[in-house]
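>>> Sequence plus predicted model, see below.
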Amino acid sequence: MIRMSLLLFAGLLVASAWAGLPPPPPFCPSGSPAVPPARPAADPTSTADLDVAYIERTPRYDYDAAKNNPAPGDAVTFRGHIRNTGDSAAASVDYEWRLDDVPVASGTLTNLGVNEERVVTWAWTWQAGDHWIKLRVDPNNLIAESSEVNNEVVDRTNAIIVGFWVEQSVYDYFHQYQKNLGVGSNSWDDWARRQMGYWNQFSQQAVYPTTPNGVLDRVRIDKIVVVPDGTLPLAGGYPTNNPDLRDRTVDLMWGFPATLLDGSMYSNHTSVSTGNPFYYEGSLLHELGHARYLIDTYGFDVHNTSSHHSVQIYEGSVYVAGSSYMPFIAWGEVLYYNKYGMMMSGGYDQGWSEYDAGALNGIAGQRACCGNCNAPGNIGVFLDDLPANNHLRITDEAGKPRRGANVRIYRAVGGSGWYGKTIDSTPDLEFTTDNAGYVLLPRNPFTSGDIQHTYGIANGIMVLRIAHLDQIWYRFQEVTDFNIQYWRGNTQDAYYTISVPGPNETPVSADFDGDGDVDQEDFGHIQSCLTGSGGGPVAPDCDNAVLDGDTDVDNGDLDVFVNCISGADVLAEPECAE
């Protein structure tokens, strides 16, 4: 949910998959997982630890400026932040810069004090495309350290820019206890990089029909600002969502106030589990997903609670919600769970869904648009990505069309609370399926206005009542399917199928192409199958042309066929072949 603190979100972690994820892999320019480089073994007896905290890129550009990115040929400077998080000073510390894994510069720091941070730089002439900048400290492994895994940062140069503001107590707390996880993490900076590493890992893994190359963007930490306790937010808003509303140089921001330490959110210092925010705080990725413009997909869920009934439809005297027409599926109140789930539905350890990934790719390569905090002005604008013509087919479970079925649409209007919805008993649209089982829906059958998904209204879901041969079914339909089709390039015509169980009409045996009529196309098939009286055997694909019960295709079969002819787009009579 937007505008909710991380502290509140800590209690919302779903129990879908509590097993820990593997550490985020390194990334290579091709986008496929790179082979992890060999790491020297950490020295558990050492108290030394050198840490590359993050890499910033200058000059910085406001996301809403006329020029908000470097252009090819521009001079840029990478500024790497190296910290000594060990317990003793380091007399001499080497470092190395690499671009696309090719060494480009190196240097040495002397007398790096305990908890001291220094900035090293490398200048580059900006090039378009995906490039990887790497800063590694102690590249030749001359210093025995308690952790070697935090010695480098690798960022994609054109990644989405992330900024974090953290109050001093939180920063110090993580430095004190992160080492207890035993994963080579020794600071808040290490923890923050792990979170963004998971974002990038999930993006790489989000390979679906809609996003065959995964999520195209990557993120990088460009700014970490440590501030005194009690100072967030710095310019109004919420301390988490809006740590510094004056800053327009980052695309995503989040704040970490000292009050996060008041409860038990970060109290587990040893469990390497996706259920432990001290290791992996999935709610942070969810909230930054909002800051990028993603919506809560759990807002498509439908409940009839004691305080509000979302579905208020009657079938005659039967109240549909909770009946056999539309049974509860959980907790005596849940009528429907959203289709795509995963990260933006509360499945924080499951990565980006196909829907999340498709939406993210809709703004791939773009800076923040209408704000860089949760929630921006363009949150959910993709809900109105709808094909011009939406062809909905109603079939039986065998895929055969339900011809002449009555389809009624009940739209959602506002309701109480976040993503409130009310679906009353008056249908808003009504259709009859054609011979092939199709109805043609308009661009937006969900509402006469815009799709809304916010406090008090979530109208991107509708109820369909399907009636055929004295049978009645109710089904939910999300706008997400329409958006997915649009993103796949089906902006003019998109096709969907709903299959419902139960008897269907007996198919007309002479309707060889299954379009509901018997016409010239069907005659062409039987003509090609003719064997003459006593001829045969018929070809394997001509078995259906034997209409009179014998073993050939002759005049007897033609007589049956002629009796069934209805003409194009006219329903044939099921009894015509009797």
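Noted; the coordinates are in hand. Numbers count the residues shown, from 1 in each chain.
>>> Next, the residues that contact stretch 299-311 from outside, please.
With contacts defined as CB atoms under 8 Å, 6 or more residues apart in numbering, stretch 299-311 is touched by 320-322, 326, 328, 333-339, 412, 415-423, 453, 458, 460-461, 463, 476, 478, 480. All C-beta atoms are positioned from the backbone trio N, CA, C, and that covers glycine.
>>> Cross the residues you listed against helices and list the overlap.
When the contacts of stretch 299-311 are checked against helices (DSSP state H), the matches are residue 480.
>>> And the contacts of stretch 299-311, which of them are buried?
320-322, 326, 333, 335-339, 412, 415, 418-423, 453, 458, 460-461, 463, 476, 478, 480 (16 or more other CB atoms under 10 Å).
>>> contacting residues around residue 243?
Residues counted as contacts of residue 243 (CB under 8 Å, 6+ apart) are 164, 165, 225, 232, 233, 234, 253, 254, 255.
>>> check which helix or strand covers it.
Using DSSP states H and E, residue 243 sits in no helix or strand.
>>> OK, contacts around the nearest residue to it once chain neighbours are set aside?
In space, and not counting its chain neighbours, residue 243 is closest to residue 255: 3.0 Å by CB to CB, 6 or more residues apart in numbering. Residue 255 makes contacts with 164, 165, 166, 232, 233, 238, 239, 240, 241, 242, 243, 244, as judged by CB under 8 Å, 6+ apart.
>>> Name the SS class of residue 255, please.
Under the three-state scheme (DSSP: H, G, I helix; E, B strand; the rest coil), residue 255 adopts strand.
>>> Ok, the one 4 residues further on next?
Secondary structure state of residue 259, per three-state DSSP, is helix.
>>> How much space separates it from residue 359?
Distance, residue 259 to residue 359, by CB to CB, to the nearest Å: 32 Å.
>>> Equivalent analysis for residue 59, please.
Using CB to CB, residue 59 is found at 30 Å from residue 359.
>>> In terms of neighbours, single out the busier of these two.
Shown here are residue 59 and residue 359; by other CB atoms under 10 Å, residue 359 has more neighbours (30 against 10).
>>> what's the neighbour count on the nearest residue to the more buried one once chain neighbours are set aside?
Once flanking residues are discounted, residue 359 sits nearest to residue 382: 4.9 Å by CB to CB, 6+ apart. Look at residue 382: counted by other CB under 10 Å, it has 23 neighbours.
>>> Offset the numbering so it begins at 36, please.
New numbering, starting at 36: the last item is residue 417.
>>> gap between the one helix or strand residue 190 maps to and the chain center?
Here residue 190 sits within strand 187-191, counting by DSSP H and E. Strand 187-191 sits 24 Å away from the centroid of its parent chain (CA atoms, centre = their mean, to the nearest Å).
>>> what's the answer for stretch 116-128, then?
Centroid displacement of stretch 116-128 relative to its chain, using CA atoms, centre = their mean, is 40 Å.
>>> Check stretch 603-613 too.
46 Å.
>>> one step back: so what sits opposite the residue nearest to residue 278 in the bridge?
residue 200 (DSSP bridges).
>>> how close does it sit to residue 543?
Plainly put, residue 290 is 67 Å away from residue 543 if you go by CB to CB.
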